[in-house]
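S.K.: build me a model:
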Amino acid sequence: MRLDMSKVRTVGLIIALALVILPFLVQPASANPATRKESLISYIGGRYDAVEGGYSVAGETTSRIESTEAAALILDSLGYLSSRPPMIDLVKMKNFTQKVQWKTGAETYSRYGGFSSYIAGPVGIATTWTALQLWNLFGEFTDIPHMGSINFNVTAALIYFNKTQTTSGGFGNASGTAPDILSTYFALDSLNMLLQLKPEETRDKWLRNETKTVEWILSCRVGNSFKLSPNSSVAGVTPTAAAVLALDSLSQLSSLTSSGDVAQWILSRQVNSSLQGMALGGFEEGPGTNDTNLVTTFYAVKGLQTLNALSQCNLQSAAEFIIQCQAADGSWGNVPGLPLGALPIAGAAVDLLQILGFTSLLDQEDPNSLTPSLLDWRLVLVLSIIVVAAVVACVALRMD
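M.R.: Predicted coordinates for the structure are as follows:
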């Protein structure tokens, strides 16, 4: 039998070439899929605004105070800001925070002194409270050069706070708006933070009538729960927790008669029936509403913590509900199973896991981070080339 050496050489060359390019085409599969924490940190990094030093919401590039506060809270809570220098420019972030305070216009201007969501944006007591929360966090980093040289106008912020109070004693989200109990909590907690920054000021000077404010808060009560305002039709976990937090901000929690019954009302909103599937462990906003969500759970936990009743709820179940709310994009959604989440909700989730003592759940494998397949398609392709070349060689040899 005569061998056609040119065919043999050709086939051999094909096989040799396939073996040479195999290491370059086929990259080794990742040893481990991402954890929930790694997915979250990756999501946060994608929202960073390197120009302003803040963080944006998905689909935007503009830094917003809500996303920035949430990102800073998460990174600090998980220990990512403990290194020196920290992983992000905190000086630039602090400068962004002071820039969102509205300083133009006279003191009588409705926006003067408050903080907006983004530079030159609308001002509200909620965004002002968020900015002050972030400002408090900056107090942990006084060892970083230039942090102490950046300040905001505390007096102007006090003026804005005062303008959001209504004659009823409650506070609205902005000057001229109707009072609600959530805005009242944000306002009173903001006042406490501002007075800590400027201790020479007093509550009596800036809060028009504390007694009237307490009376307004209590007027929102119906049974063992609270409504958003006296004119609201239904009670809920969020306004009930906000009432508790507002009274605590005034050191008036003792005025909440039968506080244990209020705590029990909140506790009864936790879903403990497995019939509701992934809603198990979270809190629903009202009796029988079946709207279990993370925001309501956030306020429920905060309210129970303030009432020293947190240990009475199912902590493990609550933590598992929170962890299930991680969205497919790595952030957190208000309910389980969402493809897209948001940084502020992710911040609430991490805060809750820390309060409940279950941050270790973030080390779980992220179910949205797929485990690499055992056979890479490129490996299959190259092996196919080798097999075909070997078959061709065998056929050529037999023909000869």
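S.K.: can we go C-alpha only for contacts and neighbour counts from here?
M.R.: Noted.
S.K.: how about Tyr118: what's its closest non-neighbour residue?
M.R.: Excluding its sequence neighbours, the residue lying closest to Tyr118 (CA to CA, 6 or more residues apart in numbering) is Arg64, at 4.8 Å.
S.K.: now stretch 88-101: how far from the chain's centre is it?
M.R.: Per CA atoms, centre = their mean, to the nearest Å, the displacement of stretch 88-101 from the mean C-alpha position of its chain is 19 Å.
S.K.: all the strands of the stretch 101-250 of the chain, residue numbers only.
M.R.: For the stretch 101-250 of the chain, the strands defined by DSSP state E, counting those that start in this stretch occupy 221-222, 225-227, 235-236.
S.K.: what sits against Thr292?
M.R.: When contacts are counted by CA atoms under 8 Å, 6 or more residues apart in numbering, Thr292 touches 271, 279, 282-285, 335.
S.K.: kindly report the same for Ser168.
M.R.: Residues near Ser168 by CA under 8 Å, 6+ apart: 212-213, 216.
S.K.: ok, now Ala34?
M.R.: Going by CA under 8 Å, 6+ apart, Ala34 touches 365-366, 369.
S.K.: my read is that Asn318 contacts Glu284, right?
M.R.: Not quite, residue 318 is Ala, not Asn. No - assessed by CA atoms under 8 Å, Ala318 is found out of contact with Glu284, at 11.7 Å.
S.K.: joint contacts of the two?
M.R.: Going by CA under 8 Å, 6+ apart, no residue sits against Ala318 while also sitting against Glu284.
S.K.: one step back: turn the contacts of Ala34 into JSON lines, including pLDDT.
M.R.: Shown next, in JSON lines, are the contacts of Ala34 (pLDDT from 0 to 100):
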{"residue": "Glu365", "pLDDT": "96"}
{"residue": "Asp366", "pLDDT": "96"}
{"residue": "Ser369", "pLDDT": "80"}
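S.K.: out of those residues, who's the most crowded?
M.R.: The member of these surrounded by the most neighbours (other CA atoms under 10 Å) is Asp366, with 20 neighbours in all.
S.K.: how far off centre is stretch 116-132?
M.R.: With CA atoms, centre = their mean as the basis, stretch 116-132 stands 17 Å off its chain's centre.
S.K.: cool, stretch 176-190 as well?
M.R.: Its chain's C-alpha centre and that of stretch 176-190 lie 22 Å apart, by CA atoms, centre = their mean.
S.K.: what does it contact?
M.R.: Applying CA under 8 Å, 6+ apart, the contact partners of stretch 176-190 are 125-126, 128-129, 132, 161, 164-166, 170-173, 217, 220, 227-229, 238-239, 242-243, 245-246, 249-250.
S.K.: let's go with 7 Å and repeat that
M.R.: For stretch 176-190, contacts defined as CA atoms under 7 Å, 6 or more residues apart in numbering pick out 125-126, 129, 132, 161, 166, 170-173, 217, 228-229, 239, 242-243, 245-246, 249.
S.K.: kindly report the same for stretch 237-248.
M.R.: 181-182, 184-185, 188, 217, 225-228, 253, 266, 285-286, 296, 299-300, 302-303.
S.K.: can you list the contacts of Ala34 in JSON lines and add distance to Met193 and secondary structure?
M.R.: As requested, the contacts of Ala34 are exported to JSON lines (distance: CA to CA, whole Å; DSSP: H, G, I helix; E, B strand; the rest coil):
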{"residue": "Glu365", "distance to Met193": "38", "secondary structure": "strand"}
{"residue": "Asp366", "distance to Met193": "37", "secondary structure": "coil"}
{"residue": "Ser369", "distance to Met193": "40", "secondary structure": "coil"}
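S.K.: how about low-confidence regions in this protein?
M.R.: 1-32, 274-278, 370-400 (pLDDT under 70).
S.K.: rerun at 50
M.R.: For the chain, applying pLDDT under 50 flags the ranges 1-3, 22, 24-31, 372-380, 382, 387-388, 390-397.
S.K.: what about Arg64, how many residues close to it?
M.R.: 24.
S.K.: who does it form a beta bridge with?
M.R.: Tyr55 (DSSP bridges).
S.K.: and which of the contacts of Thr292 is nearest to Tyr118?
M.R.: Val335 (26.6 Å; CA to CA).
S.K.: and what about the closest one, helix, strand or coil?
M.R.: Following DSSP: H, G, I helix; E, B strand; the rest coil, we place Val335 in the coil state.
S.K.: tell me how far it lies from Thr97.
M.R.: Separation of Val335 from Thr97 (CA to CA, to the nearest Å): 30 Å.
S.K.: when those two are compared, which one has more neighbours?
M.R.: Ranked by neighbour count (other CA under 10 Å), Val335 and Thr97 place Thr97 first, with 30 against 21.
S.K.: ignoring the adjacent residues along the chain, who's closest to the more buried one?
M.R.: Sequence neighbours aside, Ala131 is the residue nearest to Thr97 in space, at 6.6 Å (criterion: CA to CA, 6+ apart).
S.K.: the one you found against Ile65, yeah?
M.R.: Yes - Ala131 lies in contact with Ile65 (CA atoms under 7 Å); the separation is 6.3 Å.
S.K.: what is the burial count for Arg269?
M.R.: When counting by other CA under 10 Å, one arrives at 25 neighbours for Arg269.
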